[in-house]
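Colleague: What follows is a predicted protein model with its sequence.
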Amino acid sequence: MIAADSISLAQILVDAVQKEAPEEKRPQDATRREMIIRLAAAIEANVLTLGDRVLLDPELRSLKAASDLVKQVFVEETGWEPDKMILPAVFEQRCPLPELAAEYGMPIPRRRNPSKEAMAIFDELIENPDLSRNYERKVILLPEYPFDEVDPQHLVAVQVGDPDKKLDMLDTVLDHSCFFEHLETIWKKSGKSKDDFSIVVKPHIIPMLRRDEVGVYTDPTLVLYLVRRIMEAGWPNVAVAEGRNSFGNYFDGRGVVRVAARAGYVEEEDVSIEGKAPSRVTCHVPVGGKLMPVDIVDLSHELVEHDFSPDLLGRHPVARLWGDADYRITFGKLKTHYVTRYALNLINVSLALPMEDRLVQYPTEQAAAKAVAALLEAFPVQFSLIDGITAADALLGYVRRPRSRVPGVIIAGQSVMATESLAAQMMGVDPFESIYTRTAAERLGGMTPYKVIGDAVLLNPWRNVRNAFVDLVAALMKYLPRVANYWLPLVVGDPDPCFPPKGGPKQIRRRRRLAWFMGARPLGMWLARRDGLIIALKKARIRRKVQKNASKMPLSAGYPEFFEEARHLSKNDISLLIEVLALHGNAIQKCEEKVVRAGHIIMVGENQFPFFGPDALGAISAGRILQGAAKGWWTPAQVLPELKQWRELGITRAQKLKLKKEARKKLEKNT
């Protein structure tokens, strides 16, 4: 039996297409009803033939097939063939059917209530089962999409696991998605040597305003580990690149290199904060016991003009590094977005465009989506990864998440559209709710069918952005782009001290008063009220404990810099740091052994110490404490007892009671 939901979708498609038909060719009531039923039956027939764990285009085999199907129905029933592209009409009305949602256990909401016409057809089919079977025999079954389930280009690997084992998870998804085999294939086709073969990794860094909000930017540990694996496989010409966003209009120090240094891709001391922002900086990754240099590049420099498709972007500058790359990798972040519902790799790719003031350069979401489609069409991305070890959800997930989610997910695949689709569905969102996805799929020939390798589970807990708010922000950006550009920084509040607001003291005070007067600052506080309050209370509680034990913790109580670094260390990080100081503390203090941090690895002389954790903050803080000992800020003899006290602070009351209970049982057993 055909569902009313399918009939409703078919009715919308018929209405959208027949507007283009000549008056004499428009279907009359009986013909129109038959067309609606045929389309509805075809929709359901294609949904119900999906294979196990094979996620195709949610309703039809492909969007091109959907277009051909609608055209075929119109030709057979009216004799008129639509001469215009009808894919946009299909795109705008997509939403997974309840049957598909139930098959994968995803609570995706139903489409809007069917209209009276759809319900009348539905009631008629119920009352006349013979009529229903007659229409079902007329269903146009589309041929199978040319799709090989074992072909690596149709595979999307997803790994869900322990965030502390994120590097093993990354190795697994790279293996399942055949990353190195694909890289080898592209390299051989290029005819270049491995030294000349250029690889660019594009992480999502620039939205980061606060380093401890790790759900907003791609983990540098994962990015540098990927670079290390590529170099170990024999490709030394690898660069990490990122573009700018409109935050540079409102905050100082927002060059890519400085933001990357603050995020932990390179030591902050290695980047000058005075004068013009540098266009690149060199970090290091350990390869075969040696430190190999890797450039971090600002894609707003070294630009060349490129002729994109005139109907999308036209003549527009692009970074030479991105345009000349032989292999492009996008490493996005699992996040929500206040306009596009989710911000994954298509948003990340958009930042390869060099324009900093994006809300003015691309004032509407349609313009921004066309720019992304043009960029993908001219400079294809060969591989796609999504970092969901930590993530950011809710209304301001794109720029703010005081207490990050920890889904423990990594997704990888050779198709940007396939990884985008799977990640969106895991968030509980129809992929086509994003205009970026709709526009890119329309331009690039539809969605890529794919097979999932791994467990694609629905993220829980997870909070998506409400449609009403998305529509409001989209309208504001469309009609008042400069106002929208000014409003967002007022809502997100103040970033880290290394990104001070632009302007003199009077302008800054005036802007902050305006934020309160217009309700922007209270709105931002309200949006992050629960998570921000929990973080603030936790920090205050730790500070009180430190002050209470000031006699045992003089460094933490007297030096705010040490307190800020120590509070990011986990219990495992503290234990390893104690071990490093016990073995090499004197040599570090005397500068006999140099301390270098490369991602999650801290090298002391020729010794490597990996600091694992769901984020990079532990390794960053441990490295800064060791470097502080080398610079004479504190001595190992001062740090060791402090770290032991911090390890005690990290044990909760419940854990202490459990330890006492286990000790008591052990004592009773021995006696």
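Modeller: Everything's here; your move.
Colleague: Helices of the stretch 101-250 of the chain, start to end?
Modeller: Using DSSP state H, counting those that start in this stretch, the helices of the stretch 101-250 of the chain run over 116-127, 129-137, 166-176, 179-190, 220-232.
Colleague: Dump the longest one to PDB, restricted to CA.
Modeller: Output for helix 220-232, consisting of C-alpha atoms alone and laid out as PDB, is shown next (Å, rounded to 0.1, in the frame of the first residue of the first chain):
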ATOM      1  CA  PRO A 220      45.900  18.900  15.600                       C
ATOM      2  CA  THR A 221      46.900  15.400  17.000                       C
ATOM      3  CA  LEU A 222      44.900  13.700  14.300                       C
ATOM      4  CA  VAL A 223      46.000  16.000  11.500                       C
ATOM      5  CA  LEU A 224      49.700  15.800  12.300                       C
ATOM      6  CA  TYR A 225      49.400  12.000  12.700                       C
ATOM      7  CA  LEU A 226      47.800  11.800   9.300                       C
ATOM      8  CA  VAL A 227      50.700  13.800   7.900                       C
ATOM      9  CA  ARG A 228      53.200  11.600   9.600                       C
ATOM     10  CA  ARG A 229      51.600   8.400   8.100                       C
ATOM     11  CA  ILE A 230      51.700  10.000   4.600                       C
ATOM     12  CA  MET A 231      55.400  10.900   5.100                       C
ATOM     13  CA  GLU A 232      56.200   7.400   6.400                       C
END
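Colleague: Can you work out which other helices and strands pack against that helix?
Modeller: helix 166-176, strand 199-203, strand 238-242, strand 280-287, strand 290-298, strand 327-337, strand 383-392 (3 or more CB pairs under 8 Å, 6 or more residues apart in numbering; DSSP states H and E). (Each C-beta comes from the backbone N, C-alpha and C, glycine too.)
Colleague: buried ones in it?
Modeller: Pro220, Thr221, Leu222, Val223, Leu224, Tyr225, Leu226, Val227, Arg228, Arg229, Ile230, Met231 (16 or more other CB atoms under 10 Å).
Colleague: could you pull out the helices for the stretch 351-500 of the chain?
Modeller: Using DSSP H, counting those that start in this stretch, helices in the stretch 351-500 of the chain cover 358-361, 365-378, 416-426, 435-444, 467-479, 481-492.
Colleague: For the second one, give the mean pLDDT please.
Modeller: Looking back up the chat, that one is helix 365-378. Average pLDDT, helix 365-378: 89.
Colleague: if we can go back for a sec, to Val318, which of the helices of the stretch 101-250 of the chain lies closest?
Modeller: For Val318, the closest of the helices of the stretch 101-250 of the chain is helix 179-190, at 19.9 Å, according to CB to CB.
Colleague: what sits up against that closest one?
Modeller: Residues outside helix 179-190 that contact it (CB atoms under 8 Å, 6 or more residues apart in numbering) are 152-153, 174, 194, 197, 199, 230, 233, 235, 326-327, 382-383, 412, 414.
Colleague: now with 6 Å?
Modeller: Helix 179-190 is contacted from outside by Phe197, Ala233, Asp326, Tyr327, Gln414, using CB atoms under 6 Å, 6 or more residues apart in numbering.
Colleague: Go through it and flag the buried ones.
Modeller: Here helix 179-190 shows Phe179, His182, Leu183, Trp187 as buried, counting by 16+ other CB under 10 Å.
Colleague: what does stretch 604-617 give?
Modeller: Val604, Phe609, Phe611, Phe612, Gly613, Pro614, Asp615, Ala616, Leu617.
Colleague: Compute the first-to-last residue distance for that stretch.
Modeller: 19 Å (CA to CA, to the nearest Å).
Colleague: Check the offset of it from the chain's centre.
Modeller: 24 Å (CA atoms, centre = their mean, to the nearest Å).
Colleague: a helix runs through Asn342, doesn't it?
Modeller: Careful, residue 342 is Tyr and not Asn. No: counting by DSSP: H, G, I helix; E, B strand; the rest coil, one finds Tyr342 to be strand, located in no helix.
Colleague: Name whatever forms a beta bridge with it.
Modeller: According to DSSP bridges, the residues that bridge with Tyr342 are Thr336.
Colleague: Roughly how far does it sit from Gly388?
Modeller: Tyr342 sits 12 Å away from Gly388, going by CB to CB, to the nearest Å.
Colleague: Show me the helices in the stretch 501-650 of the chain, by range?
Modeller: 505-517, 520-527, 529-548, 554-558, 560-566, 571-589, 617-630, 636-649.
Colleague: So the closest residue to Leu291 other than its chain neighbours versus Glu149, what's the distance?
Modeller: Closest residue to Leu291 apart from its sequence neighbours, by CB to CB, 6 or more residues apart in numbering: His284 at 4.0 Å. To Glu149, His284 is 41 Å away according to CB to CB.
Colleague: just Asn237 next, same as before
Modeller: Asn237 is 34 Å from Glu149, by CB to CB.
Colleague: So those two - more neighbours on which side?
Modeller: The neighbour count for Asn237 versus Glu149, taken as other CB atoms under 10 Å, is higher for Asn237 (19 against 12).
Colleague: ok, now which ones touch the more buried one?
Modeller: Ser198.
Colleague: For it, what are phi and psi?
Modeller: Backbone torsions for Asn237, taken as degrees, to the nearest 10, come to phi -90, psi 80.
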